[in-house]
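Asks: could you look at this predicted model? Sequence included:
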Amino acid sequence: MAALARWCLRRRFVVIALWLAAFAGVSVAAAVTGSAYSNDYGIPGTDSARVSELMEREFPKQAGDSDTIVWHTARDAGTVRAVDVRQHLTAALERVEKLPGVVSVAGPYGRDNTDSGADTTRISADGHTAYATVLFDRPAAELGESQVRDVVDTARAAAADGLEVEMGGAGIGAAQQTGSAHLSEAIGVAAAAVVLFLAFGSLAAALLPIATAVVGVGTAYAGVGLLGHAMTVADFAPMLGTLIGLGVGIDYALFIVTRHRQGLKAGLPVDEAARRAVATSGRAVIFAGATVCMALLGMLVLRLSFLNGVAVAAALTVLLTVAASITLLPALLGLIGPRALSRRERRRLAAHGPRTRARGGFAARWSALVERRPKLLAAVAVVVMLVLALPTLSLRLGTSDQGNDPASATTRRAYDLLAEGFGPGFNGPLTLVGRIDDAADRVAFGKLPETLRGIEGVASVSGSVLSTSGDTALITVVPETAPQSRATSELVARLRDDVLPQAAEATSLKMYVGGLTAGYDDFARVIVGKLPLFVGVVVGLGSILLLLAFRSIGIPVKAAVMNVAAVAASFGVVVAIFQWGWGSELLGLGRAGPIEPFLPVIMVSVLFGLSMDYQVFLVSRMYEEWRRTRDNRAAVRVGLAETSRVINSAAVIMIAVFSAFVLSGDRIIAMFGIGLAAAVALDAFVLRTLLVPALMHLLGGANWWLPRRLDRWLPRISIEAPSPAHPDPADPEPSPDPADPASEPSPDRAPELSPIPHPRPSGSRAPTAPHAAAAPGGHRAAP
């Protein structure tokens, strides 16, 4: 690491130019090739996937995106059958039909403003709501934003006093979400910049982590666009990668810049301070980034192409942010020189020379309090986590649709108008598709619509349709309940398990049930079935890494329990806001609805990775002190006091970045933003600075126990470089009172992990290492 840092510092302009060239080159390539993201969350082999395949092959005209224009007249303005309304809307529909990419527009009115060819089923029973179907020539994911907006603007221009016109559908929803996506990123970055400036007092130092993260994440964002041409990548993967990348990228750079500033304050030259910062903190950043990538790539064990793309895209983003932190950041540190310190800090350094860091502060007092009251504080932390985790018990995975959009969205208003005029199930019809092989199948299929009309929970059944080849049949069933209702899911299960098999008895007719609710139910069932394997792999790999790093049974066990607690509590927050609806409308997140089926998998992988970061930064300092003193109480006290400030600062930055994504306009990204922000807050402020040190005080020397035989078998890894032969003036001076930490701590100090003897008998204590010789300027350096 030191050699890499030295090379980047000596060739700083080359490094900066290479990164900017990579950023520009990948961005241009992504712009030229275009995006190829997928919004198909189907799982091969399920009923809903078979329906999609048959529809695309046998009914290609219905495979394009189908959106809806809805209009509604006020009670005192007549009905939609009024002549003036009919003429006005007929002209508007004709204008929409002439727009590029529109195949057809089917409305309720007949030709030439007569009843000839009219479809009165498109008019509600009270006569105040009607709709028309707009069929595009391509699926929603392939439609251009400007193309969709032209349709929306043309249709909504028909609105008048007493006449409301709205639009809904997948294509419309995708177009309205893009406008605020980059606004949330800008707000998150701005909030992080404010926190960094308050922490450093130097504008140049505050901007370095921002610049590093933006270049790394920007390159990854464009790279994910190119990745979509090589594998299936979900349409929300770029935003998710940006969310994660900005959070970890700014944090990783923060740790290195903090260490660099310590070196400058200790009197080191700029290049030497940057080299030592990368050689020490940089190794911890690589280890932390590797754990996040490992957790993200754990999604590959599920063997779902949709999630494979998300995992690879997010891991690529983290990988590039780590690379930027250990290459681009030292080049920028060398470029700004001593301006990494504020003017006041530079004047003080010039007037008084290098100095050791001031002692005391809130972190030391808090660490001492945890040592004095471990049982009480541990109990408080457990109660907080349990209360927040309680809503997780009611977690329901299922469909969230445009009925969950914010009340101001045209898609939400169109959804509500259709539900009010035609019933709640109208927004999520079920599609029944099957193969017909012989005459018996044809007879059974002919009787099926009448059978379905008599099933409880079915509002209406459309006429049966045969493909042009005559061997594929299609029926549309409208439930009585909304797509995200539990009753609709029960209807899907009843049709699959009882109704359709009985109707096809003694024939070879096989009908498959698809549609919005069916597709998400299939996805949720597969995910829930594979979730234990996934969690086991992620937790197991993380525990093995901690076992190797800290050579202790208790540390990885506690880390696994803490990670599960953070996940459960953060899911409780997500359930309370999005499923129960506590404050969701107030936050502009729409009304309550079930949680997306893929959210648990992705959030578990991200949260386990981020939690491992804080665990490594916290426990590595404790372990270092334990190896030096064999005093568990002192080790925990020193470790907490010297790491809590920077861990909490990093957490505040992550919380700011993640929370800003609530403004993205995308319900899924907002779920991730709130869930991750809650998890980081709880992990940093409740678990790592309260519950973990309290438990470690209570467990005493058992924290570091490892069977002798296992100790001999395990390989040894090093998170941080071995200590230099000469003392590093940037390191904190050991104090006779470990409760008296540095005011600007270094949480990324990790152990060398060389062989250690087993703990001494109770009551004995290893001698404290002697102090090193005085550092330049008359200050004592760490041993």
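Replies: Okay, I see it. Residues are numbered from 1 along each chain as shown.
Asks: strands of the stretch 451-600 of the chain, start to end?
Replies: 458-461, 465-466, 472-479, 510-515 (DSSP state E, counting those that start in this stretch).
Asks: what of the stretch 301-450 of the chain?
Replies: Using DSSP E, counting those that start in this stretch, strands in the stretch 301-450 of the chain cover 430-435.
Asks: that older thread, now mean neighbour count, mean pLDDT and distance to residue 89 too, for the strands of the stretch 451-600 of the chain, in JSON lines please.
Replies: C-beta here means a position set from N, CA and C on the backbone, and glycine is covered the same way. Putting the strands of the stretch 451-600 of the chain into JSON lines (neighbours: other CB atoms under 10 Å; pLDDT from 0 to 100; distance: least, CB to CB, whole Å) gives the following:
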{"stretch": "strand 458-461", "mean neighbour count": "18", "mean pLDDT": "91", "distance to residue 89": "24"}
{"stretch": "strand 465-466", "mean neighbour count": "14", "mean pLDDT": "68", "distance to residue 89": "27"}
{"stretch": "strand 472-479", "mean neighbour count": "21", "mean pLDDT": "89", "distance to residue 89": "23"}
{"stretch": "strand 510-515", "mean neighbour count": "23", "mean pLDDT": "90", "distance to residue 89": "28"}
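Asks: what residues are up against the closest residue to residue 702 other than its chain neighbours?
Replies: Distances taken as CB to CB, 6 or more residues apart in numbering put residue 554 closest to residue 702, at 5.9 Å, once the chain neighbours are dropped. With contact taken as CB atoms under 8 Å, 6 or more residues apart in numbering, residue 554 is in contact with 699, 702-705.
Asks: turn those residues into JSON lines, including secondary structure.
Replies: Conversion of these to JSON lines gives the following (DSSP: H, G, I helix; E, B strand; the rest coil):
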{"residue": "699", "secondary structure": "helix"}
{"residue": "702", "secondary structure": "helix"}
{"residue": "703", "secondary structure": "helix"}
{"residue": "704", "secondary structure": "helix"}
{"residue": "705", "secondary structure": "coil"}
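Asks: and of those residues, the nearest to residue 372?
Replies: Using CB to CB, residue 699 comes nearest to residue 372 of these, at 16.5 Å.
Asks: relative to residue 388, how far out is the closest residue to the closest one other than its chain neighbours?
Replies: Nearest residue to residue 699, sequence neighbours excluded (CB to CB, 6+ apart): residue 554, at 6.3 Å. The gap separating residue 554 from residue 388 is 25 Å, by CB to CB, to the nearest Å.
Asks: related to what we said a few turns ago, possible to save the contacts of residue 554 as JSON lines with distance to residue 514?
Replies: Formatted as JSON lines, these follow (distance: CB to CB, whole Å):
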{"residue": "699", "distance to residue 514": "54"}
{"residue": "702", "distance to residue 514": "55"}
{"residue": "703", "distance to residue 514": "54"}
{"residue": "704", "distance to residue 514": "56"}
{"residue": "705", "distance to residue 514": "55"}
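Asks: tell me which of those is nearest to residue 224?
Replies: Using CB to CB, residue 703 is the member of the contacts of residue 554 that lies nearest residue 224, at 40.9 Å.
Asks: how about the closest one, what does it touch?
Replies: 552, 554-555, 626, 632, 696.
Asks: on that earlier part again, per-residue pLDDT, the residue nearest to residue 702?
Replies: Note on residue 554: pLDDT of 90.
Asks: again with residue 399
Replies: Looking at residue 399, the pLDDT reads 71.
Asks: could you do residue 46 as well?
Replies: 86.
Asks: separation between it and residue 448?
Replies: 21 Å.
Asks: look at the two and report which has more neighbours.
Replies: Applying other CB atoms under 10 Å to residue 46 and residue 448 shows that residue 448 carries more neighbours, namely 22 against 19.
Asks: surely that one touches residue 503?
Replies: Yes: the criterion here is CB atoms under 8 Å, and residue 448 meets it with residue 503 at 5.4 Å.
Asks: common neighbours of those two, please.
Replies: With CB under 8 Å, 6+ apart as the test, residue 448 and residue 503 both reach residue 511.
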